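Enquirer: I would like to see how this sequence folds:
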Amino acid sequence: MASCGGGEKVYYARDFGIVPGTGEDMTEEFAKAFEIIKAECKDGVKAALVVDCGDYDFYPDSALVREYYVSNHDQDNPKRVAIALEGMKNFTLKNRPTHGGSEYVNLMMNGRMLPVAMVDCENCTLDGIAADTRVPQITQVEVLENAGGYITYRIAPYVNYRIDNGRLVVYGSNWEFVPSWGIAFEGDTKHIIYTTSDIGVGTSGVEEIAPRVIRAPWNDARLVPGSVIAMRSYARPTPGIFVTECKNTTLLNSWVFYAEGMGLLAQMSENITLDGFRVSLRDNERYFTTQADATHFSGCKGKIISVNGLYEGMMDDAINVHGTYLRVVQRLDDNTLVGRYMHGQAYGFYWGGAGDSVQFVRSDVMEITGGNRIVEIAPHDKELLAGCKEFKIKFEKPLPDDIANGKYGIENLEWTPEVYFAGNTIRNNRARGALFSTPKSTLVEDNLFDHTSGTAILLCGDCNGWFETGACRDVLIRNNRFVNALTNMFQFTD
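Expert: Numbers count the residues shown, from 1 in each chain. Sure, this is the predicted structure:
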């Protein structure tokens, strides 16, 4: 079942009954393989599971059930997970190309699911692994006619839908909703149509006039015949790849073709390398990829390296690097306070520990008001960390007199990374290109920013809305090419 070579123990997925193209659920087979590898490869032994390229299906009814609190996502636990790498060390999950076939291992979700979770792993790599969904929650339509206050559009073949009391309801195996917003693309270029930004969509009072052809009361002269609309909600339940509390994580030549959240969300992890990572279109049919950012790094440290990537068609940014402010909500004594996660999509996960350096920020003017070091930190509103919103924090030195309730944020300076972002292509996406909010060194070079809608590169901190930390101290931007940024207006870019 396993062979050794070059100091690495190699396992083959076929030996565990993991074969492509069957349409059968592969959750149990992958889980058993990881369990055996983890048991047999201890004490630093390197291991790899080699998987034949092709499609592997996963279904929510037989998925792994986990409680994961994922930064900048909906906290709608429990999550249904296809592949969970938990506590793995020195492990690689990689593809084996087949002659004349697929070039990647494509993990196909058949419902609302989290494709890959990496939890408390060290020195682990994904190589040639892709994530996709049979029925995306984004509904793609093409405009056929626009006249007299009505738009007639054709619904893409992959979409499941019904007309319910004049409303267009789209659905999958474990989800359904009426799309309320959309992004409009030029049919021939896949650029987002100039100055459209987020648009309301015609999904109420509709009539089906032919199979998959809908006539809707919808008045928008910018949507000429041939335009393609990605109809959506603002839900973001799960990323494509979730990395939390890991160390030395590498993604090589891997893809996310679709995720109902970020493509990659990494939080409270150290040293992450993306080389040839792609959040990109799988074929010429879809115009969109992820529901939110392509890559997002929350409260990480060490070094984040993202090189030779392709990020296109996302409903948000290509990369966002930040920490999370806690807000001071109670002062217990001169050395102790209560800090609270404030945003509904950012709570319930590790924020910091004893010995971490912090600084206080006055939220209304973003001015620093002293620094300190944590002596003790514990959940305050719950017994366990998972799901908690408040921390009781004791500090090494007395707190400044002006640290008052509700007016100050706490920034953890320990969990801030260096960033190297180079040789990437960002194109045809909603919102912005690259966001960096870290005091450590950031180098942005040799990238192509092509129709990023909003600003191509944004440096900002925010202690009032998303509570994403800043500020930048050392940023070098050089040898990049910018093509038609600011073609649409989005948050922080107006």
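Enquirer: okay, CA-based contacts and neighbour counts for the rest of this
Expert: Noted.
Enquirer: Return the set of buried residues in the top strand by length along the chain.
Expert: For the chain, the strand with the greatest residue count under DSSP state E is strand 367-379. Going by neighbour count (16 or more other CA atoms under 10 Å), the buried part of strand 367-379 is Thr369, Gly371, Asn372, Arg373, Ile374, Val375, Glu376, Ile377, Ala378, Pro379.
Enquirer: mind listing the strands for the stretch 1-150 of the chain?
Expert: 2-5, 8-12, 46-52, 54-58, 64-66, 79-86, 91-96, 105-109, 114-119, 122-127, 129-133, 139-147, 150-155 (DSSP state E, counting those that start in this stretch).
Enquirer: Including distance to Pro398, mean neighbour count and mean pLDDT, could the ones you listed go into JSON lines?
Expert: As requested, these are exported to JSON lines (distance: least, CA to CA, whole Å; neighbours: other CA atoms under 10 Å; pLDDT from 0 to 100):
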{"stretch": "strand 2-5", "distance to Pro398": "57", "mean neighbour count": "11", "mean pLDDT": "64"}
{"stretch": "strand 8-12", "distance to Pro398": "52", "mean neighbour count": "19", "mean pLDDT": "96"}
{"stretch": "strand 46-52", "distance to Pro398": "47", "mean neighbour count": "22", "mean pLDDT": "97"}
{"stretch": "strand 54-58", "distance to Pro398": "53", "mean neighbour count": "22", "mean pLDDT": "97"}
{"stretch": "strand 64-66", "distance to Pro398": "40", "mean neighbour count": "16", "mean pLDDT": "98"}
{"stretch": "strand 79-86", "distance to Pro398": "39", "mean neighbour count": "22", "mean pLDDT": "98"}
{"stretch": "strand 91-96", "distance to Pro398": "45", "mean neighbour count": "22", "mean pLDDT": "96"}
{"stretch": "strand 105-109", "distance to Pro398": "52", "mean neighbour count": "25", "mean pLDDT": "98"}
{"stretch": "strand 114-119", "distance to Pro398": "36", "mean neighbour count": "23", "mean pLDDT": "98"}
{"stretch": "strand 122-127", "distance to Pro398": "37", "mean neighbour count": "21", "mean pLDDT": "98"}
{"stretch": "strand 129-133", "distance to Pro398": "49", "mean neighbour count": "25", "mean pLDDT": "98"}
{"stretch": "strand 139-147", "distance to Pro398": "55", "mean neighbour count": "21", "mean pLDDT": "98"}
{"stretch": "strand 150-155", "distance to Pro398": "62", "mean neighbour count": "21", "mean pLDDT": "98"}
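Enquirer: ok, Gly87 - contacts?
Expert: Listed by CA atoms under 8 Å, 6 or more residues apart in numbering, the contact set of Gly87 reads Val119, Asp120, Cys121, Glu122.
Enquirer: could you dump those residues to TSV with distance to Val307?
Expert: Below are the contacts of Gly87 laid out as TSV (distance: CA to CA, whole Å):
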residue	distance to Val307
Val119	23
Asp120	24
Cys121	22
Glu122	21
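Enquirer: Which of those sits closest to Gln140?
Expert: Closest to Gln140 out of the contacts of Gly87 is Val119 (33.5 Å), distances taken as CA to CA.
Enquirer: The closest residue in space to that closest one that isn't next to it in sequence and Ala33, how far apart?
Expert: Excluding its sequence neighbours, the residue lying closest to Val119 (CA to CA, 6 or more residues apart in numbering) is Glu86, at 4.7 Å. Between Glu86 and Ala33 the distance is 13 Å, computed by CA to CA, to the nearest Å.
Enquirer: about what we covered before: which other helices and strands contact the longest strand of the chain?
Expert: Using 3 or more CA pairs under 8 Å, 6 or more residues apart in numbering; DSSP states H and E, the elements in contact with strand 367-379 are strand 357-362, strand 390-395.
Enquirer: Any idea which of those strands gets closest to Val213?
Expert: Among the helices and strands packed on strand 367-379, strand 390-395 sits nearest to Val213 (CA to CA), with 50.2 Å.
Enquirer: name the helices or strands packed onto that closest one?
Expert: By 3+ CA pairs under 8 Å, 6+ apart, strand 390-395 packs against strand 336-340, strand 367-379.
Enquirer: now the last one, how far from the centre of its chain.
Expert: Just to be clear, that refers to strand 367-379. With CA atoms, centre = their mean, to the nearest Å as the basis, strand 367-379 stands 28 Å off its chain's centre.
Enquirer: relative to strand 390-395, how tilted is that strand?
Expert: 110 degrees (axes from the mean of the first three to the mean of the last three CA atoms, to 10 degrees).
Enquirer: Three-state assignment for the residue nearest to Glu208 when sequence neighbours are not counted, please.
Expert: Nearest non-adjacent residue to Glu208, counting by CA to CA, 6+ apart: Ile214, 4.5 Å away. Secondary structure, DSSP: H, G, I helix; E, B strand; the rest coil: Ile214 is strand.
Enquirer: So Ile214 versus Val243, what's the distance?
Expert: 41 Å.
Enquirer: do Arg215 as well
Expert: Arg215 is 43 Å from Val243, by CA to CA.
Enquirer: What of Glu390?
Expert: In terms of CA to CA, Glu390 sits 23 Å off from Val243.
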